[in-house]
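Novice: Model the following, please.
(2 chains, ligands or ions: 2)
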Amino acid sequence: MGTANTPTKITQGTRTKGGIGESTLRPDGTLKVTGEFAYASDLWHEDMLWGFTLRSPHAHARIVSVDISEALAQAGVHAVMTHEDLPAAKTYGLEIQDQPVLADGVVRFHGEPVALVAADHPETARRAAAKIKVVYEQLPLVVDEETATAPGAPILHPDRDDHHAPHSPHPNIVHRQPVVHGDVAAAQALAEVVVTGDYEVGMQDQAFLGPESGLAVPAEDGGVDLYISTQWLHADLRQVAPVLGLPESKVRMTLSGVGGAFGGREDLSMQAHACLLALRTGKPVKIVYNRFESFFGHVHRHPAKLRYEHGATRDGKLVYMKCRIVLDGGPYASSSPAVVGNAASLAVGPYEIENVDIEALALYSNNPPCGAMRGFGAVQACFAYEAQMDKMAAALGMHPVEFRQLNAMSQGSVMPTGQIVDSPAPVAELLRRVRAMPMPPEQQWLAAGETADVRALPGGLSNTTHGEGVVRGVGYAVGIKNVGFSEGFDDYSTARVRIEVIAGEPVATVHTAMAEVGQGGVTVHAQIARTELGVTQVTINPADTRVGSAGSTSASRQTYVTGGAVKHSCEAVREKVLELGRAKFGSYHPAWATAELLLEGGKVVTDGGEVLADLVDVLGGEAVDIELEWRHRPTEPFDLRTGQGFGHVQYSFAAHRAVVEVDTELGLVKVIELACAQDVGKALNPLSVVGQIQGGTTQGLGLAVMEEIIVDPATAKVRNPSFTDYLIPTILDTPPIPVDVLELADDHAPYGLRGVGEAPTLSSTPAVVAAIRAATGLALGRVPVRPEHLTGT
Amino acid sequence: MRVTFTVNGRPQEADDVWEGESLLYVLRERMGLPGSKNACEQGECGSCTVRLDGVPVCACLVAAGQCQDREIVTVEGLADYAKERTAGACGAGTCGPGAGISAGIGTGIDEARQWQARPTDESVDLSPIQQAFIDAGAVQCGFCTPGLLVAADELLERNADPTDADIREALSGNLCRCTGYEKILDAVRLAAARQEA
Ligand code: FES
Ligand code: FES
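Specialist: Ligands and ions are numbered 1, 2, ... in the order given. Model (predicted):
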């Protein structure tokens, strides 16, 4: 056998040596392939202790008593801490401080941290934790909208006084956001075809490979240094310092190697715990979650129930849409309010519909806490509206792509929030592109007969079919995702850039607090510095809290915002360098005063290409060093009743075409190919861009056919916290992913770029499910699609 | 208990090993070889893949005591291992001077504080598969990379010209959450092609 290489096309941009637009290789690549890159779980310190977290076996219970004496008496145990030992703030949270550092009197989810142990060996710590005696008295559960809002329902935060509380229809609703536009009642009269549907999205996990880990080292000044894998150092700092009762200046955080994140490291996991144990014991303390714990240690993607109704005219024009999206946030707010805002404002999808009536809300429940995950509220909506688009196309007898194209939004369209889309929105074009990509070869077993490679069939090596009962289907989907933090958030980043002569060469140094979680930001920052400063040698300093905040590595925002900050600081450095040059050499050549000057190839040149001086001579022994903040244009909050407002700074779009084969007897799905077309505005690093698109596509595939944290509705306990039972796609589950990259510049963004990371995660899921529907004729309103949904067993 | 074995061609000894300690723990926490990664410690993700007497195994599933007098190759020794294989001196990797293992345990704070970019040129000694992973963009967060490299190197050792189906089969025990595997396939194809050339 042997499949051809996946074609990957990318439009060429202007090139600078090692600058933006080139597929520069990762600066950390060599360390990562030799095993020398220091991930957080690799850290070590002399005299180091291991921390372990005791977690609740119940989803909702009152803690009657805790006895730590036996645990504390174990040889090798240095500390055992409960909420009574907390020195200062007892709760934390990204937006609302409602999550206990250690459970205080009550536990609200299965796996909630109750006590901490520090010991000289990880096994000692685990065994000691098992000796902590906790007596629980179980409480009634809130597991869905019904139990959350029923009369007499247990109120999970009876004393809540956050700013969403006054607008919430019920205390067990974290946040609710309606979006109303046009006149749905009037439009309903115009609709000739109406389709409705109920949809459900299971709880997906980020399942990054590098476990939550960190090393806290107590410092002589009474403070602490934390080496940590995170997405946002400064947000961690802001939450951890009050827990420790220390000023932020005494809590120093340095990013250590991060093994993936996808939103799962946006909330604190063990940050405060490690610091607390280190300060208590006076020794360095390392915590490394095992995989089991990791499933309890971070927030997941909100599971959702969605109800949609669309009306269209006979000729295929959508005239109204109504929907209701209920997200389950679990017991703590985390980023639920923002997820609700996203789900509501993007609920209509990349389509023009005049009249909409949208309601999205997130519940407090005793299910596992949910928060950020790649796609952030847009994933759930996309699954539902894309299923609706197929339903409507079928009802109208139209091709699903042509129906979408007919209703596709474009530049100048008005979002249901009233926001005018003021940059390219090539929705119809992306659909055209995925549809035009060559199809994978037809059913290979028919052509190959007896010699068919069973590995390519559903079931693979288990040899469950030789092609009998296998049907093929093709499905399409497209999605819209916002880039950057929305709803009026002050979304800024900081970059410090320095240029100096080292060993006879001009060298630039870039220092930001951006968390490199694998996305390749470090590569891109060096490319930007090369482009702006014309030097080849760029050093990227490790991210830490000694430089201003870079904001989070999430919301597809880092290349836009921190990349923008690096560009901005580089421009300021360049101006300073040119000033130096003018002072030194200005009198020798009039061009210093009159021409547009650039830095290129280590020289100062005019825009006509005339070389004026070497950077080395301009700088001499001096260094130019500038730290600046940079922000994208401001957004504004959505109106709480109508959802109107300029809420998002940028949108990004991706479309998928999925080809699947289904063994209809056993309900096994083999995704044959998952083609993607995405507009990236400008590909600063084409290789990384394609890598992001393929990775995001694969996570969407996972949600479509296998990934779900299964929570027992009777006990709200997690049933599958392991890689044995929570399945993520392997290389056998992942098909070729040809990628077609479009670059239509967004004039508001640095270099015209568009955030890339999340959009491909949206449409991949509905495309796969659409293909399965096409193959089987089944309605399939829930993801992940499981074999029993296909066989009816 | 005491365990004596060879790691990347160098004799090693670990004292006071608990019966329950895995080879992975001993490599990472006692030998100062954190290259093999700990993503599930359950045999499901392949991040900890090493060669045990030439056979790829999940180090997290091997009790350290089982390794008495045996030969281990980790990602840290991959370049040397591949080099010796090409030299034809030692197919099983049971000889040779081994990789320069840093003494001590884990990664010290100063190293952690300051990762330094390394040029991806010939000045660094890499095996063909390591170089191919860098060149093909198969490394994102890199946490899966050490295990994948050991597995892919073993594949190329027994099958110089694997089909895509062969590659998928050989690497199906190694999870990667970042890349979508396409670039990993590219990397193995690239290493195979370079090996031919
Ligand atoms: S850590 Fe050994 S297989 Fe996952
Ligand atoms: S898991 Fe991150 S690169 Fe594979």
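
Novice: At the contact with chain B, which residues of the stretch 451-600 of chain A appear?
Specialist: Counting by CB under 8 Å from any CB of the partner chain, the residues of the stretch 451-600 of chain A lying close to chain B are A:453, A:455-456, A:461, A:517-520, A:522, A:539-540, A:542. Glycine gets a C-beta too; all of them are placed from N, C-alpha and C.

Novice: quick one: low-confidence parts of chain B?
Specialist: B:88-123, B:197 (pLDDT under 70).

Novice: In three-state terms, label the closest residue to B:Leu61 other than its chain neighbours for me.
Specialist: Distances taken as CB to CB, 6 or more residues apart in numbering or on different chains place B:Gly43 nearest to B:Leu61, at 4.4 Å, with adjacent residues excluded. Counting by DSSP: H, G, I helix; E, B strand; the rest coil, the backbone at B:Gly43 sits in coil.

Novice: Isn't B:Gly43 up against B:Val57?
Specialist: No. B:Gly43 lies out of contact with B:Val57 (CB atoms under 8 Å); the separation is 9.2 Å.

Novice: Looking at the two, which is more packed in?
Specialist: Ranked by neighbour count (other CB atoms under 10 Å in any protein chain shown), B:Gly43 and B:Val57 place B:Val57 first, with 19 against 16.

Novice: picking that back up, can you say which of the residues of the stretch 451-600 of chain A next to chain B are buried?
Specialist: Among these, those buried by neighbour count (16 or more other CB atoms under 10 Å in any protein chain shown) are A:455-456, A:517-520, A:522, A:539-540, A:542.

Novice: I'd like the residues you listed laid out as CSV, including pLDDT, distance to A:Ala393 and secondary structure.
Specialist: Shown next, in CSV, are these (pLDDT from 0 to 100; distance: CB to CB, whole Å; DSSP: H, G, I helix; E, B strand; the rest coil):
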residue, pLDDT, distance to A:Ala393, secondary structure
A:Arg455, 84, 34, helix
A:Ala456, 85, 30, helix
A:Val517, 96, 38, coil
A:Gly518, 95, 37, coil
A:Gln519, 95, 35, coil
A:Gly520, 95, 37, coil
A:Val522, 95, 44, helix
A:Thr539, 94, 54, strand
A:Ile540, 94, 48, strand
A:Pro542, 93, 51, coil
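
Novice: for B:Ala82, what are its contacts?
Specialist: By CB atoms under 8 Å, 6 or more residues apart in numbering or on different chains, the residues touching B:Ala82 are B:127-129, B:153.

Novice: Can you flag which of these belong to helices?
Specialist: Within the contacts of B:Ala82, residues falling in helices by DSSP state H are B:128-129, B:153.

Novice: Also near ligand 1: which of these, exactly?
Specialist: By CB under 6 Å from any ligand atom, no member of the ones in helices among the contacts of B:Ala82 lies near ligand 1.

Novice: of all these, which comes closest to ligand 2?
Specialist: Closest approach to ligand 2 among the ones in helices among the contacts of B:Ala82 (CB to the nearest ligand atom): B:Ile129, at 14.8 Å.

Novice: Just give the number of residues close to the closest one.
Specialist: 29.

Novice: Could you find the residue in the stretch 1-150 of chain A that comes nearest to ligand 1?
Specialist: Counting by CB to the nearest ligand atom, the stretch 1-150 of chain A gets nearest ligand 1 through A:Ser41, at 10.7 Å.

Novice: Which residues does the residue nearest to that residue when sequence neighbours are not counted form beta bridges with?
Specialist: Leaving aside its chain neighbours, A:Ser41 sits nearest to A:Ser213 (3.9 Å; criterion: CB to CB, 6+ apart). In this entry, A:Ser213 is beta-bridged to A:Val288, by DSSP bridges.

Novice: Report the contact partners of A:Ser213.
Specialist: A:39-41, A:43, A:228-229, A:256, A:270, A:286-289.

Novice: my guess is the residue of the stretch 1-150 of chain A closest to ligand 1 meets A:Val288, correct?
Specialist: Yes. In this structure, A:Ser41 is within contact of A:Val288 by CB under 8 Å, at 4.5 Å.

Novice: Next up, the contacts around the residue positioned nearest the centre of chain B.
Specialist: Centroid-nearest residue in chain B, with CA atoms, centre = their mean: B:Val75, separated by 2.6 Å. The contact partners of B:Val75, by CB under 8 Å, 6+ apart, come to A:33-35, B:35-36, B:50, B:145-147, B:149-150.

Novice: Which secondary structure state does the residue in chain B that chain A sits nearest to sit in?
Specialist: The nearest approach of chain B to chain A comes at B:Gly35, 2.1 Å away (CB to the nearest CB). Recorded secondary structure, B:Gly35: coil (three-state DSSP).

Novice: That one - how many residues pack around it?
Specialist: For B:Gly35, the neighbour count with other CB under 10 Å is 28.

Novice: if I pick the spatially closest residue to it that is not a sequence neighbour, what's in contact with it?
Specialist: Once flanking residues are discounted, B:Gly35 sits nearest to A:Gly35: 2.1 Å by CB to CB, 6+ apart. A:Gly35 is in contact with B:33-36, B:74-76, B:146, counting by CB under 8 Å, 6+ apart.
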